[in-house]
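>>> Predicted coordinates and the sequence they were generated for:
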Amino acid sequence: MSKILVAMSGGVDSSVTAALLKSEGHEITGVTLKLWGGEQDKGCCSVSDVDDARRVAQQLDIDHFVFNYGEQFDKHVVQPYVDSHVAGMTPNPCIECNRHIKFDALVERSHRLGFDALATGHHVRLSGVNEGARLRRGADIGKDQSYVLYMLSSKDLAYLRFPVGDLSKEAVRKYATELGLRTADKPDSQDVCFITADNGREKFLAERVELHPGSLVDADGKVVGSVEAIELVTVGQRKGLDLGGNSGRSYAVSVDMPSRKVRVGDASELKSDAVLLTDFSWAEEPFSGKVLAQTSAHGKPASGWLDATGTLTWDSKRQRVAAGQAVVFYHDDLVIGGAIAKQGALP
């Protein structure tokens, strides 16, 4: 029997994680993280999520605590989110929350409190044990979350448990229903927790930084339109671009913050042969060679060649990756590492 701390977000996956581990005879304690102190109407760890997690803990007859990481969340997730937009990048706050809060601060605290392991409801699996543990895709490919956990090292993984990774989402909900857990039918959380539906990203950023108008230019540098706030533009975007009726160039192809210009183009111009990368995280040793690479949480992986300079060249052209987005590398379903798309992407 192990003493396991379960991160309970208030959703069905973490609820079932706690239930499964308890059924195996482990000593379980639930914890929910209080992260964002501002307005919130969606995402994980809201007031209602904390209440759901606490109620499930009561149903399972396990202890439940709330840890406040608001200061760390603001420092490592919210402020970098704002700074990235100012720099013309497209951040992924969920990855940074996993990197700095859930699998850094929480893991460290779990060790200090004497727990043998930390468990979460992520849909991923492990290969190997102890220091040889490696991250694999979840059994339910449609719910696989390995993309947002690519930064976890073998040392991290040796301490972690992901009990629902071998289950389909349908099986998770069925098990929760059989136990009568209040979260059995609760919808999945998919949005940024600190951006509300009513206020949106624009108002959130406008309250923290000055937003600037920008020019839309074609490949020759000719001005063909405008945008109200260049800080809100991301590669691949179509909405919010005032092109004066010129629908032939309807995509944001690149963002140049110093000149406040957004290059626009048609669908073919949105394609690229390669992507420049930085800030690599590796499961083991740095790798160069043939990889499968995924550029969004639920995107379809594509094959390419990763070289020692940090350039990933696709086997066939792919949509450009916005600077700031993660690119995760796989061998079959095994995560070998990941990196961040670099500003100044290839033309």
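Right, received. Where do you want to start? Note that the structure is predicted; figures quoted are calculated from it, not measured.

>>> In the chain, where is pLDDT below threshold?
38-45, 190, 244-249, 344-347 (pLDDT under 70).

>>> Show me the longest helix that occurs in the protein.
When secondary structure is assigned using DSSP state H, the longest helix within the chain turns out to be helix 47-60.

>>> just checking, what packs against that helix?
helix 12-23, strand 27-34, strand 63-68 (3 or more CB pairs under 8 Å, 6 or more residues apart in numbering; DSSP states H and E). Glycine gets a C-beta too; all of them are placed from N, C-alpha and C.

>>> Can you add distance to A197 and mean neighbour count and give these back as a markdown table?
Supplementary listing: these in a markdown table, determined by distance: least, CB to CB, whole Å; neighbours: other CB atoms under 10 Å:
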| stretch | distance to A197 | mean neighbour count |
| --- | --- | --- |
| helix 12-23 | 22 | 24 |
| strand 27-34 | 21 | 22 |
| strand 63-68 | 25 | 14 |
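
>>> Can you add distance to I340 and give those back as JSON lines?
Formatted as JSON lines, the entries for these read as follows, by distance: least, CB to CB, whole Å:
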{"stretch": "helix 12-23", "distance to I340": "26"}
{"stretch": "strand 27-34", "distance to I340": "24"}
{"stretch": "strand 63-68", "distance to I340": "28"}
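
>>> To E96, which of those lies closest?
When these are compared by CB to CB, strand 27-34 sits nearest E96, at 14.1 Å.

>>> Need the residues that contact the closest one.
Contacts of strand 27-34 with the rest of the structure, by CB atoms under 8 Å, 6 or more residues apart in numbering, involve 1-10, 18, 21-22, 45, 49-50, 53-54, 56-57, 60, 62-70, 101-102, 106, 115.

>>> Now do the longest helix of the chain and strand 63-68, the angle between them.
Between the axes of helix 47-60 and strand 63-68, defined by axes from the mean of the first three to the mean of the last three CA atoms, to 10 degrees, the angle is 160 degrees.

>>> ok, and what's touching helix 47-60?
Under the criterion CB under 8 Å, 6+ apart, external residues in contact with helix 47-60 comprise 8-11, 14-15, 18-19, 22, 28, 30, 32, 34, 40, 63-64, 66, 179-183, 186, 189.

>>> Just the buried residues of the host helix or strand of V82, please?
V82 is part of helix 79-86 when elements are defined by DSSP states H and E. Residues P80, Y81, V82, S84, H85, V86 are the ones in helix 79-86 that count as buried (16 or more other CB atoms under 10 Å).
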